[in-house]
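**Q** sequence and predicted structure, then a few things I'm wondering about:
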Amino acid sequence: MEENVRVRFAPSPTGFLHIGGLRTALYNYLFARHHRGDFVLRIEDTDQNRYVENAEQDIISSLEWSGIEVDEGPQNPGEFGPYRQSERKELYKTYAEKLIEKGMAYYAFDTTEELDQMRERLQKSGNPSPKYDSITRQSMKNSLTLPQDEVQKLLDEGAEHVVRLKVPRRETIRFEDLIRGHVSFESKGLDDQVLLKSDGMPTYHLANVVDDHLMKISHVIRGEEWLSSTPKHILLYQAFGWEPPKMAHLPLIMSPSGGKLSKRKAESEGIPINTKDYIEQNYEPEALVNFLAFLGWSPGDDSEIHSMPDLCRLFTLDRVSKGGAVFNHKKLLWYNEIYLREQSNHQLAKRVKEITDNKQILEADDEKLAKAIGLVKERVSKVEELITMGIFFFEDPSEYDEKALKKWGDDSAGLVSDYQSRISDLSEEEFEAATLKSKLEEVINEHGVGFGKLMMPLRIAVTGQGFGPDLFTSMELLEKETVLRRIDTALKKLG
Ligand code: GLU
């Protein structure tokens with residue numbers, strides 16, 4: 001077990017929480033709990049242009065729904081706040097200035113036109129990817145090239161400027177990634193990174209590094225798409241003279257048809273992309289969590305069903321895979337089925353009443369609803385299917401399933417009505433599954449036909465559907481009057 005573990009989930013509030021974001025949050029949370037550390041939520045909202053109202057609320061409610069508990073965050077600040085970067089603006093400025101004092105960063109006053117001209121000039125002289133780097137910075141308008149009094153004058157006048165990091169000319173930046181092992185990048189390919197923008201806001205890189213340091217983050221666990229930012233962060237840690245946190249980059253989530261699971265891909269493949277969609281579509285949170293935990297990680301044996309506490313106990317970074325993890329929607333439904341069945345019939349009855357607007361179900365007796373659910377529960381994978389499959393317990397069929405009707409043959413009416421007359425003699429008490437079944441056997445034996453010959457038409461008449469839960473138990477629950485009425489109607493309609 002590692003000591004003093006502090007991890008953070010650091011989303012930008014630019015939209016609804018993506019399923020990949022939720023997995024990142026989950027892995028951070030599992031890691032924190034495994035090591036009895038802290039899980040911090042930090043809102044990275046320094047990009048005003050991409051800010052989306054309510055996105056923060058969506059992030060918070062999505063985490064809550066998933067059972068991921070935030071130890072410190074905007075809602076429950078600890079000693080390292082504030083937890084929204086927009087509320088820490090002044091801090092980043094101070095730290096950018098510290099780097100300037102140390103000679104690790106500088107003010108740059110170049111206008112957009114001047115930057116364009118520089119790029120054009122370099123491109124013409126055969127440089128396909130011109131950069132603002134250790135070479136070009138020498139001929140640009142910045143605090144390294146201008147005399148000091150002029151720099152001061154420009155600053156006093158409030159001239160537009162940014163702060164840039166002095167990226168070393170030729171350096172190999174190395175770090176150990178806890179998932180990918182040894183990683184190295186050449187500084188040659190990097191621009192002198194902008195740290196503070198002209199509006200005084202920090203860039204992602206500066207804010208992220210300053211906050212991870214000040215919030216005493218021990219491990220940075222994030223998606224692979226941030227891997228290329230890490231060398232910039234390492235340079236920043238070096239410039240400040242700080243120890244960087246340990247790094248772990250999670251594998252990409254892939255679409256079943258190959259490639260990264262983008263929003264567009266997900267849509268075309270019928271995969272919900274935002275956590276909110278899963279909430280609205282009534283997925284079981286435990287199922288989504290279990291599924292996401294296995295999307296890039298496994299406990300190393302063939303066990304697959306694990307609750308959150310189990311996952312916290314089992315989760316280690318060395319079992320996270322490097323390769324992309326394919327999103328398998330069928331597998332998610334399989335998990336959903338399992339977690340659905342784990343709930344008691346009464347619990348599910350309550351859920352069903354919460355999500356339906358069907359009057360009959362809303363007014364149904366809880367006991368009967370729970371019994372009906374018990375009968376269909378084994379056959380569904382989503383909670384709302386309990387309603388579609390079990391609705392016949394509460395409503396006479398208004399139409400008959402077309403495919404099922406093909407099984408209504410010439411002799412069906414005769415067989416059904418014979419059965420009807422036999423069961424109409426039963427008293428209320430006798431109207432129970434075993435007797436109802438023995439009556440059916442009587443009919444088929446006397447007529448010398450197979451079981452299905454009567455069973456199918458009877459099911460259609462009573463439920464309107466071609467498949468469903470055990471018919472005799474269902475009829476018992478429906479009670480005599482309803483069953484006889486439905487058979488009457490079917491005989492009239494289907495003849
Ligand atoms: N704000 C970044 C995001 O939106 C954070 C990346 C990181 O974890 O460093 O995911």
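**A** On my side now, so go ahead. If you're wondering where the values come from, they're calculated on a predicted model, not measured in any experiment. Numbering: from 1, shown residues only.

**Q** which SSE is residue 467 in?
**A** Following DSSP states H and E, there is no helix or strand that holds residue 467.

**Q** which ones are touching it?
**A** 404, 459 (Cβ atoms under 8 Å, 6 or more residues apart in numbering). The C-beta positions use only the backbone N, C-alpha and C, and glycine is treated the same way.

**Q** so how far is the ligand from it?
**A** 46 Å (Cβ to the nearest ligand atom, to the nearest Å).

**Q** and the pLDDT at the nearest residue to residue 389 once chain neighbours are set aside?
**A** Distances taken as Cβ to Cβ, 6 or more residues apart in numbering put residue 376 closest to residue 389, at 4.5 Å, once the chain neighbours are dropped. Looking at residue 376, its pLDDT is 96.

**Q** report the buried residues of whatever helix or strand residue 376 lives in.
**A** Assigned by DSSP H and E, residue 376 belongs to helix 366-376. By 16 or more other Cβ atoms under 10 Å, the buried positions in helix 366-376 come out as 369, 370, 371, 372, 373, 374, 375, 376.

**Q** with stretch 211-222 instead?
**A** 211, 212, 213, 215, 217, 218, 219, 220, 221, 222.

**Q** and the ligand, which of those reach it?
**A** residue 222 (Cβ under 6 Å from any ligand atom).

**Q** got the buried residues of stretch 211-222 as JSON lines, with pLDDT columns?
**A** JSON lines is the format used below for those (pLDDT from 0 to 100):
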{"residue": "211", "pLDDT": "98"}
{"residue": "212", "pLDDT": "98"}
{"residue": "213", "pLDDT": "98"}
{"residue": "215", "pLDDT": "98"}
{"residue": "217", "pLDDT": "98"}
{"residue": "218", "pLDDT": "98"}
{"residue": "219", "pLDDT": "98"}
{"residue": "220", "pLDDT": "98"}
{"residue": "221", "pLDDT": "98"}
{"residue": "222", "pLDDT": "98"}
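
**Q** where's the residue lying farthest from the centre of the chain, which helix or strand?
**A** Residue distances from the centre of the chain (Cα atoms, centre = their mean) peak at residue 446, which lies 58.1 Å from the mean C-alpha position. Counting by DSSP H and E, the element that carries residue 446 is helix 433-447.

**Q** who are the packing partners of that helix?
**A** Counting contacts by 3 or more Cβ pairs under 8 Å, 6 or more residues apart in numbering; DSSP states H and E, helix 433-447 packs against helix 412-424, helix 451-463, helix 471-478.

**Q** residues in contact with it?
**A** 415, 418-419, 422-423, 426, 450-451, 453-455, 458, 470, 472-473, 475-476.

**Q** how about the contacts made by the closest residue to residue 290 other than its chain neighbours?
**A** Residue nearest to residue 290 in three dimensions, not counting chain neighbours: residue 335, with 5.2 Å by Cβ to Cβ, 6+ apart. Residues near residue 335 by Cβ under 8 Å, 6+ apart: 284, 287, 288, 290, 291, 305.

**Q** what does the stretch 151-300 of the chain put close to the ligand?
**A** 208, 222, 226.

**Q** for the ligand, state which of the residues you listed is nearest.
**A** Closest approach to the ligand among these (Cβ to the nearest ligand atom): residue 222, at 3.6 Å.

**Q** which pLDDT value belongs to the residue lying closest to residue 329 once chain neighbours are set aside?
**A** Using Cβ to Cβ, 6+ apart and skipping the chain neighbours, the partner closest in space to residue 329 is residue 271 (5.6 Å). With respect to pLDDT, residue 271 scores 95.

**Q** same check on residue 47?
**A** 88.

**Q** same question, residue 145
**A** 97.

**Q** and what about it, helix, strand or coil?
**A** When classified by DSSP: H, G, I helix; E, B strand; the rest coil, residue 145 comes out as coil.

**Q** not counting sequence-adjacent ones, nearest residue to it?
**A** residue 138 (6.4 Å).

**Q** tell me, how many residues neighbour that neighbour?
**A** Number of residues near residue 138 (other Cβ atoms under 10 Å) recorded here: 10.

**Q** now swap in the one 4 residues further on and tell me
**A** Under the neighbour criterion other Cβ under 10 Å, residue 142 is assigned a count of 21.

**Q** and it, how close does it get to residue 97?
**A** Distance of residue 142 to residue 97, computed by Cβ to Cβ, to the nearest Å: 15 Å.

**Q** what's the end-to-end length of stretch 46-57?
**A** With Cα to Cα, to the nearest Å applied, stretch 46-57 spans 17 Å between its terminal residues.

**Q** brilliant, that's me finished.
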